[in-house]
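> Structure for this input, please:
(one chain, ligands or ions: 1)
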Amino acid sequence: MVEFQAPTTQTVKTARLELRIFKESFLDDFHTIWINPTTTIWTLSGLSTSLEDSRTRMARLLPNPETPDTLNYGVFIRPSALPSSDSEAAAAPLHGRMVGMLGVPGVSSPGTAEIGYVYDESVWGRGYATEALAAYMSVYWDHAKSINAVVAMVDPENTPSIKVLEKCGFVAVEYLVKNIVLPALGTRDTLILRIERPRATRTPGLA
Ligand SMILES: CC(C)(COP(=O)(O)OP(=O)(O)OC[C@H]1O[C@@H](n2cnc3c(N)ncnc32)[C@H](O)[C@@H]1OP(=O)(O)O)[C@@H](O)C(=O)NCCC(=O)NCCS
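Down below sits the predicted model:
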């Protein structure tokens, strides 16, 4: 029997961001992100249809003793890091708001986890996704000791996401043709990128 590890790292701080373990109180911000057609265009689950739909989706991201290898964070901008180029009025909506999310919501096959992330359109292009993913990976290896590889399933035309992954050490390993139907885009190909657990953090005896 696998023993439940409550996420040891409730908060992860980077230079500009704070990653916080998912909580029910994030629902309104979660919903805001998932009702934006641009933000959700590349996603498999597509637009949220209601607050209740968002609540159901978000429930899967909360810490759960039955899925100990999952680990999901909401991403917040640290107050000291709100961009100075933004006017006060433009920056105000970012104060205390979850602007993105990332994590492993499930394990695709034994020893291999799948990562996902989504950021509000208003904060794209600032390097936040890269900064958060790099920090996340170092925490994740420690959290999920039986996981030895993490994969990301990306649309081949989602260049920003591919760049984020490559900058964090993921490499493209497989290209699947017309394997998936995205609600917003229809039948699409998928590029799989993968990263292996760093050798130094491997548990002796595990494959
Ligand atoms: C993918 C996503 C997370 C990127 O977030 P982000 O905070 O903008 O990412 P970063 O700023 O860290 O990096 C984005 C990179 O893509 C580049 N980029 C952005 N738009 C681009 C475009 N249209 N064409 C080419 N490169 C682009 C940026 O310049 C940057 O690369 P660089 O650091 O080499 O300059 C964000 O766009 C998003 O949430 N998209 C919708 C959901 C999604 O696609 N999730 C991933 C599913 S696999």
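
> Show the pLDDT at S87.
The model reports S87 with a pLDDT of 56.

> tally of neighbours for the residue nearest to L94 when sequence neighbours are not counted?
Distance criterion CB to CB, 6 or more residues apart in numbering; nearest residue to L94, sequence neighbours excluded, is I77 at 5.4 Å. In this view, the C-beta of every residue, glycine as well, is placed from N, C-alpha and C. Residues near I77, counting by other CB atoms under 10 Å, number 22.

> can you check A135 too?
Based on other CB under 10 Å, the number of other residues close to A135 is 22.

> residues in contact with stretch 180-199?
37, 40-47, 137, 141, 147-156, 162, 165-166, 168-179 (CB atoms under 8 Å, 6 or more residues apart in numbering).

> Tabulate the CA atom coordinates of it in CSV.
Extracted C-alpha coordinates of stretch 180-199, given in CSV (Å, rounded to 0.1, in the frame of the first residue of the first chain):
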residue,chain,number,x,y,z
ILE,A,180,-6.6,13.9,-30.1
VAL,A,181,-9.8,16.1,-30.4
LEU,A,182,-9.5,19.5,-28.8
PRO,A,183,-12.8,21.1,-28.1
ALA,A,184,-11.7,24.4,-29.7
LEU,A,185,-9.6,23.1,-32.6
GLY,A,186,-10.9,19.7,-33.6
THR,A,187,-8.6,16.7,-34.5
ARG,A,188,-5.0,17.5,-33.8
ASP,A,189,-1.5,16.0,-33.7
THR,A,190,0.4,15.8,-30.4
LEU,A,191,4.1,16.3,-29.6
ILE,A,192,5.2,14.4,-26.5
LEU,A,193,8.1,16.0,-24.6
ARG,A,194,9.8,14.2,-21.7
ILE,A,195,12.2,14.7,-18.9
GLU,A,196,13.8,12.0,-16.8
ARG,A,197,14.4,12.2,-13.1
PRO,A,198,17.9,13.5,-12.4
ARG,A,199,20.2,10.6,-11.5
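
> Tell me what I195 is bridged to.
Under DSSP bridges, the beta-bridge partners of I195 are V150.

> Where do the strands of the protein begin and end?
Listed in chain order, the strands of the chain (DSSP state E) span 11-13, 17-21, 71-77, 98-109, 112-119, 149-154, 171-182, 186-196.

> any chance of those in CSV, with distance to A132 and mean pLDDT too?
Listed next are those as CSV, based on distance: least, CB to CB, whole Å; pLDDT from 0 to 100:
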stretch, distance to A132, mean pLDDT
strand 11-13, 8, 95
strand 17-21, 6, 96
strand 71-77, 5, 96
strand 98-109, 6, 93
strand 112-119, 7, 97
strand 149-154, 14, 97
strand 171-182, 20, 97
strand 186-196, 15, 97
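
> and these as TSV, adding distance to the ligand?
As requested, those are arranged in TSV below (distance: least, CB to the nearest ligand atom, whole Å):
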stretch	distance to the ligand
strand 11-13	16
strand 17-21	10
strand 71-77	9
strand 98-109	6
strand 112-119	4
strand 149-154	4
strand 171-182	10
strand 186-196	9
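
> Just name the most buried of those strands.
strand 71-77 (a mean of 25; mean count of other CB atoms under 10 Å).

> Give me the most central residue, the protein.
L102 (1.8 Å; CA atoms, centre = their mean).
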